[in-house]
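1. Give me a 3D structure for the following:
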Amino acid sequence: MADLFSDDPLQAPAANAPREDAPLADRLRPRDLGEVIGQDHLTGAEGAIGRMVAAGKLSSMILWGPPGTGKTTIARLLADAVGMRFESVSAVFSGVADLKKAFAAADKAAQAGQRTLLFVDEIHRFNRAQQDGFLPFVERGTVTLVGATTENPSFALNAALLSRAQVLILQRLDHAALSELLDRAEGLEGPLPLTEDAHDALVASADGDGRFLLNQAETLYNAKIENPLDPAALGGFLQRRVAVYDKDREGHYNLISALHKAVRGSDPQAALYYLARMLTAGEEPRFLSRRLVRMAVEDIGLADPQALVQCMAAKDAYEFLGSPEGELALVQACLYLASAPKSNAAYKAMKSSFRSAKETGSLMPPQNILNAPTKLMKEIGYGKGYSYDHDADEGFSGDNYWPEEMEPQTYYTPVDRGFEREVNKRLDYWDKLRRERGAG
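-> Here you go, the predicted structure:
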């Protein structure tokens, strides 16, 4: 990869070269920002990091991205590039005492004219109070904070801390970036014992994680394999990579959002893909069955009343069969929803009627439709003049059922799709009768 910068600050060598027996990932760790792979949108001349380094001044930042994309490496190289002292803590292993020690050392260095870059790995693992502890030191410039996180900062970090730091998003390494990383490994260690197809399969298995890819390559080198492996043999030799998916974290919500929107968008192929992503990653099938029910009533409703029936049947089938057989029922329900006619008329009707109910408070229904179980209630007019619809022509009285202080409202407007087309015809017919009988 060609160097992205030619200025001297970016080409400053890393302070500590790795030992010859260090892991492959350490030996291939970039020595300057120009060697960082796959993050040109940040480290390039027009990127946020490139501009800060060119100016020789860093602002506090949060590096947010998947595992193995270079967050720790970039933080170390940033300190070297602008001549700052590097201090590192991990939220997994460090506590309040470690933070106090780091801040004290930064204070002492500042008195000697040395600026400190404080790198906090897994910063989202610090609780809210610990995160607040960074604020005074960041505000007075004792440290320039560089936090690394795999979690969405909007959920994982305090708003006060986010307001003082720029969030920079690292991208998962694409096929080209991972291939380049593997080329560097082969340039250092020699060709991997793989066929061309197996080479591509190895890159694909990394799922955007450069560190994982290099660890797999090192395993192959250490095995001293004589004959090149094809994709099938490679799959049997190396462990299968499990997709990054935390069931209570952002990946969970991203995929369920994608599934819901693919169903709503009537794309059964994409919907099935996201359903498969979640199931193969270990998502709880009962959670998915609940979400499918939600989709049936929110996005299909009476356009196809069978959608809800299908989803409830799929839930029962899964409970009866268990996994993995029962997952086929969830697949069937998902495909039914995605291919069904869509309507959110019932969902919109619910929202508008709930809003109206809150706004109108305790208005009484008209007396003629009130129940009158006691003599007193009958005497004061409850139920008087009620028209029993089954006794009326066509089973429809056309009575007014709204409170006297309230004009009739329209909450539910069926779409002209699926079964709701028929519902629309019924409503139009009753409106016609109501107008005729009202006029009479």
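2. so who does the residue nearest to Asp416 when sequence neighbours are not counted touch?
-> Among residues not flanking Asp416 along the chain, Asn424 sits closest, at 6.3 Å (CB to CB, 6 or more residues apart in numbering). For the C-beta atoms, the positions are set from N, CA and C on the backbone; glycine is no exception. Contact partners of Asn424, counting by CB atoms under 8 Å, 6 or more residues apart in numbering, are 414-416.
3. What subset of those residues is buried?
-> When burial is judged by neighbour count using 16 or more other CB atoms under 10 Å, the buried members of these are 414-415.
4. What is the nearest of the contacts of Asn424 to Leu188?
-> Val415 (61.9 Å; CB to CB).
5. can you list the domain ranges for the protein.
-> In terms of domains, the chain is parsed into 8-169, 175-237, 250-339, 366-439 (source: automatic domain parsing).
6. nearest to Met350, of those?
-> Between Met350 and those, the shortest separation by CB to CB is 8.0 Å, and it involves domain 366-439.
7. and the closest one, how far from the chain's centre?
-> Taking CA atoms, centre = their mean, to the nearest Å, the mean C-alpha location of domain 366-439 is offset from the chain mean by 46 Å.
8. before we move on, what about stretch 96-107?
-> Relative to the chain's own centre, stretch 96-107 is displaced by 34 Å; criterion: CA atoms, centre = their mean.
9. Which residues does it contact?
-> With CB under 8 Å, 6+ apart as the test, stretch 96-107 has contacts from 85, 87, 89, 116, 118, 130, 133-134, 137, 142-143.
10. Just the buried subset of those, written out for ChimeraX, thanks.
-> Here the buried members of the contacts of stretch 96-107 are turned into a ChimeraX selection, burial being counted by 16+ other CB under 10 Å:
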select :85,87,89,116,118,130,133,134,137,142,143
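11. wait, isn't Ala345 in contact with Thr413?
-> Yes. Using CB atoms under 8 Å, Ala345 is in contact with Thr413, at 5.8 Å.
12. who has more neighbours, these two?
-> When neighbours are counted by other CB atoms under 10 Å, Ala345 comes out ahead of the other of Ala345 and Thr413, with 20 against 13.
13. where does the stretch 1-150 of the chain dip in pLDDT?
-> 1-18 (pLDDT under 70).
14. so where do the strands sit in it?
-> Listed in chain order, the strands found in the stretch 1-150 of the chain under DSSP state E, counting those that start in this stretch are 61-64, 85-90, 116-121, 143-149.
15. so which of those comes closest to Asp200?
-> Nearest to Asp200 among these is strand 61-64 (28.8 Å), distances taken as CB to CB.
16. Show me the helices in the stretch 101-250 of the chain, by range?
-> Taking DSSP state H, counting those that start in this stretch, the helices of the stretch 101-250 of the chain run over residues 128-132, 135-139, 153-156, 159-162, 175-189, 196-205, 210-222, 231-237, 250-264.
17. coming back round to it: what's the distance between the residue nearest to Asp416 and Ser94?
-> 63 Å (CB to CB, to the nearest Å).
18. rewinding a little: Throw the helices of the stretch 101-250 of the chain into a markdown table and include distance to Ala271, thanks.
-> Putting the helices of the stretch 101-250 of the chain into a markdown table (distance: least, CB to CB, whole Å) gives the following:
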| stretch | distance to Ala271 |
| --- | --- |
| helix 128-132 | 37 |
| helix 135-139 | 44 |
| helix 153-156 | 25 |
| helix 159-162 | 34 |
| helix 175-189 | 25 |
| helix 196-205 | 23 |
| helix 210-222 | 29 |
| helix 231-237 | 28 |
| helix 250-264 | 4 |
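19. list the contacts for Ser289?
-> With contacts taken as CB under 8 Å, 6+ apart, Ser289 has the following neighbours: 311, 314-315, 318, 330, 333.
20. hang on, I meant Asp230
-> If you count contacts by CB under 8 Å, 6+ apart, then Asp230 has 195, 197-198 around it.
21. Tabulate the CA atom coordinates of stretch 413-431 in PDB.
-> In PDB, the C-alpha atoms belonging to stretch 413-431 read as follows (Å, rounded to 0.1, in the frame of the first residue of the first chain):
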ATOM      1  CA  THR A 413     -58.900   4.700   6.800                       C
ATOM      2  CA  PRO A 414     -58.400   1.400   5.100                       C
ATOM      3  CA  VAL A 415     -56.000   1.200   2.200                       C
ATOM      4  CA  ASP A 416     -57.100   0.000  -1.200                       C
ATOM      5  CA  ARG A 417     -55.000  -3.200  -1.000                       C
ATOM      6  CA  GLY A 418     -55.700  -6.800   0.000                       C
ATOM      7  CA  PHE A 419     -58.700  -7.500   2.200                       C
ATOM      8  CA  GLU A 420     -58.900  -3.900   3.300                       C
ATOM      9  CA  ARG A 421     -60.200  -3.100  -0.200                       C
ATOM     10  CA  GLU A 422     -63.300  -5.100   0.900                       C
ATOM     11  CA  VAL A 423     -63.400  -3.400   4.300                       C
ATOM     12  CA  ASN A 424     -63.400   0.000   2.500                       C
ATOM     13  CA  LYS A 425     -66.500  -1.000   0.500                       C
ATOM     14  CA  ARG A 426     -68.300  -1.900   3.700                       C
ATOM     15  CA  LEU A 427     -67.400   1.400   5.400                       C
ATOM     16  CA  ASP A 428     -68.500   3.400   2.300                       C
ATOM     17  CA  TYR A 429     -71.800   1.500   2.200                       C
ATOM     18  CA  TRP A 430     -72.500   2.200   5.900                       C
ATOM     19  CA  ASP A 431     -71.500   5.800   5.500                       C
END
